[in-house]
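Asks: no sequence for this one, just the structure:
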């Protein structure tokens, strides 16, 4: 007699719990259907189980559907870890399995839900809502702050499993992965079977649930996985993309943000099929280049390649390839009105970004700083004008030469922050982006310090030189908080403020001071050992830029040994009274777990 599960087999559902469209028609298993859901498990006749036990890639099946596809047909996998942060907590603490888990903080804190297990989602808890609201909807929920180190460890383990199948993988975010299986059909078999095998391996070896989508492009693979949640494997069959997309709501397509969605709603365009009927000229006139990209995706066209982000070295270590950009943001909770705190947070974000930049041995030439203020208008006014005072303001600048110096980029970030419009409102979020990367070819000591030649910069440190006790005191040099005065054989900061020096006068002052270091012929004729050593050290003393680079190298070494949060620069000390400091750094409301 068949069991109840056999009489009523479960149907695929969307992540929202069934409110979205049904991902598969009744004939979903047939070859003519636009989408097919792979088998939840593999049997011995379709794929050998050696890959799951030994870690080797699965061997080719004797016959499969992908064997009849034209050569070089793209086969892309999109892997998404279900409720990643909550699943990590349940994997690290087995006693939490089967219980509603909410990651983001404690219920009394003014934070947002970062992740919630499916047991908590059954009560209506969703990522992005307030913690106190999640506690009201699910009083039995277990609230956790999250473990970034455990999340990184398990994400690296998933990456290693994917690299055992294909060298072309892209880690798109903390829980999103793309795998390119194009050209590997004869070696690996059907892409759907490979996806099912990967799902079993990840659950067995990493103890994380995964949903995998299969398609001919990144968009199709992502949509197939989205409709196969949770814990399933879905596929959009090659050649059936238009039939699959035609009834799909336009908001399902990546790139259909709130702004484009509202405009399409005004034009009564709700599905991908309706949007595909619009001409390219109308789409470009209404939405610009992002609209054209979305228009092609709604028609099943996505030529974006899978860009390799990680690789395995010869010794087996996992290495991350240099990214195209590095972005760091932080949301203030509660909102911040003190300018010094905003500048300190920006300096801390620059420090995190440059630390990651030097890890990849890259230098950046473009810096962008952005800020978001609290929109104090009523709700109806915000809905009528979304681009009002609460919109994101950004300022970008391209440097004359690429750099990875924390001090240089911090100074530039503060200058860009001052150029952004200021409003009589609290600051909600601040962030930055480093881009235009090139490989760092090492750095060489400079004879003349050119770092202060930019307009508006001032000399911040004096030039050391040998001083004769009988000589009169050296002329003071301009500094950030006053002047440097020479007294008692050393330079000391004078409390009397002085006017900033222009770029031309600063450079001329340095050249004249360097020229004073050259010994006269009489002095070189009979120098004493101490005088020669002093003159040599002063003539070849490192510049300010050289010292900053040396400090960056020392701090990077210390942080690699003890943790980023164990070593802080002076610019970040102000945050110690505002945020909890841990081994990985300050605990922020929107922490980046891919540091």
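Replies: That came through, no problem. Model, not experiment: these values are computed from the prediction.
Asks: Could you pull out the buried residues of the longest helix that the chain contains?
Replies: Ordering each helix of the chain by length in residues (DSSP state H) puts helix 339-359 first. Neighbour-count burial for helix 339-359 flags 341-358 (criterion: 16 or more other Cβ atoms under 10 Å). Bear in mind the C-beta positions are built from the backbone N, C-alpha and C, glycine included.
Asks: what do you get for stretch 424-438?
Replies: For stretch 424-438, burial by neighbour count (16+ other Cβ under 10 Å) applies to 427, 428, 429, 430, 431, 432, 433, 434, 435, 437.
Asks: and what of stretch 100-114?
Replies: For stretch 100-114, a neighbour-count test (16+ other Cβ under 10 Å) marks 100, 101, 102, 103, 104, 105, 107, 111, 112, 113, 114 as buried.
Asks: and the least confident of these?
Replies: Among the buried residues of stretch 100-114, residue 111 has the lowest pLDDT, at 81.
Asks: where in the stretch 451-595 of the chain is pLDDT low?
Replies: Residue ranges of the stretch 451-595 of the chain with pLDDT under 70: 451-542, 589-595.
Asks: ok, how many other residues are close to residue 381?
Replies: Neighbour count of residue 381, defined by other Cβ atoms under 10 Å: 12.
Asks: One more: residue 391?
Replies: Neighbours of residue 391 (other Cβ under 10 Å): 12.
Asks: Just give me the neighbour total for the closest residue to it other than its chain neighbours.
Replies: Distances taken as Cβ to Cβ, 6 or more residues apart in numbering put residue 372 closest to residue 391, at 7.6 Å, once the chain neighbours are dropped. Per other Cβ under 10 Å, the neighbour tally for residue 372 reads 21.
Asks: Mind listing the residues bridging to residue 372?
Replies: Beta-bridge partners for residue 372, by DSSP bridges, are residue 392, residue 429.
Asks: thinking it is in contact with residue 429, fair?
Replies: Yes: between residue 372 and residue 429 there is a contact under Cβ atoms under 8 Å: 4.3 Å.
Asks: what do the two both touch?
Replies: Common contacts of residue 372 and residue 429 (Cβ atoms under 8 Å, 6 or more residues apart in numbering): residue 392.
Asks: Could you measure from residue 112 over to residue 176?
Replies: For residue 112, the distance to residue 176 (Cβ to Cβ, to the nearest Å) stands at 20 Å.
Asks: swap in residue 391?
Replies: Relative to residue 176, and taking Cβ to Cβ, residue 391 is found at 27 Å.
Asks: Find the nearest non-adjacent residue to residue 145, please.
Replies: With Cβ to Cβ, 6+ apart as the criterion, residue 145 has its nearest non-adjacent residue at 5.8 Å, and that residue is residue 105.
Asks: got the contact list for the one you found?
Replies: 111, 131, 143, 145.
Asks: make it 10 Å
Replies: Under the criterion of Cβ atoms under 10 Å, 6 or more residues apart in numbering, the contact list for residue 105 reads 111, 112, 113, 114, 131, 143, 144, 145, 146, 333, 587, 589.
Asks: element containing it?
Replies: Per DSSP states H and E: residue 105 is located in neither a helix nor a strand.
Asks: do you know how far it is from residue 587?
Replies: Plainly put, residue 105 is 9 Å away from residue 587 if you go by Cβ to Cβ.
Asks: cool, and residue 374?
Replies: Residue 374 is 22 Å from residue 587, by Cβ to Cβ.
Asks: what about those two, which has more around it?
Replies: Counted by other Cβ under 10 Å, residue 374 and residue 587 do not tie: residue 374 has more neighbours, with 18 against 15.
Asks: Kindly list the main-chain dihedrals of that one?
Replies: Per-residue torsions, residue 374: phi -70, psi 130 (degrees, to the nearest 10).
Asks: That one against residue 382, yeah?
Replies: No: with contact taken as Cβ atoms under 10 Å, residue 374 and residue 382 are classed as non-touching, separated by 11.0 Å.
Asks: so where is the chain shaky, pLDDT-wise?
Replies: In the chain (pLDDT under 70), the answer is 1-64, 383-384, 386-390, 442-542, 589-595.
Asks: Which secondary structure elements does the longest helix of the chain sit against?
Replies: Helix 339-359 makes packing contacts with strand 326-336, strand 362-373, helix 406-419, strand 427-439, helix 544-562, strand 585-586 when contacts are defined by 3 or more Cβ pairs under 10 Å, 6 or more residues apart in numbering; DSSP states H and E.
Asks: The helix or strand residue 262 falls within: what's the following helix or strand?
Replies: Secondary structure from DSSP H and E places residue 262 in helix 258-266. Using DSSP H and E, the helix or strand that follows helix 258-266 in sequence is helix 272-276.
Asks: Not counting its own residues, what contacts that following helix?
Replies: Contact with helix 272-276 is made by 223, 242-253, 256, 260, 264, 267-269, 283, 291, 294-301, as judged by Cβ under 10 Å, 6+ apart.
Asks: Could you list which of these belong to strands?
Replies: Using DSSP state E, no member of the contacts of helix 272-276 falls in strands.
Asks: Buried only: go through the residues you listed for me.
Replies: 223, 243-246, 248, 250-253, 256, 260, 264, 269, 283, 291, 294-300.
Asks: wouldn't residue 175 be in contact with residue 80 here?
Replies: Yes: with contact defined as Cβ under 10 Å, residue 175 counts as touching residue 80 (6.1 Å).
Asks: which residues sit in contact with the nearest residue to residue 182 once chain neighbours are set aside?
Replies: Leaving aside its chain neighbours, residue 182 sits nearest to residue 74 (5.0 Å; criterion: Cβ to Cβ, 6+ apart). With contacts defined as Cβ under 10 Å, 6+ apart, residue 74 is in contact with 180-183, 191, 215-218, 220-221, 238, 302-303, 305-306.
Asks: Nearest to residue 320 among these?
Replies: Ranked by distance to residue 320 (Cβ to Cβ), those are led by residue 306 at 15.5 Å.
Asks: contacting residues for that closest one?
Replies: Residue 306 neighbours (Cβ under 10 Å, 6+ apart): 74, 76-78, 166, 168-170, 172, 177-182, 217-218, 221.
Asks: Report whether the expected contact of residue 215 with residue 244 is present.
Replies: Yes: judged on Cβ under 10 Å, residue 215 makes contact with residue 244 at a distance of 9.0 Å.
Asks: which residues do those two both contact?
Replies: Joint contacts of residue 215 and residue 244 (Cβ under 10 Å, 6+ apart) are 35, 223, 224, 236, 237, 300.
Asks: Pipe those residues into CSV and attach distance to residue 203 per row.
Replies: Listed next are the shared contacts of residue 215 and residue 244 as CSV, based on distance: Cβ to Cβ, whole Å:
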residue, distance to residue 203
35, 23
223, 23
224, 19
236, 23
237, 25
300, 31
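Asks: Thank you, goodbye.
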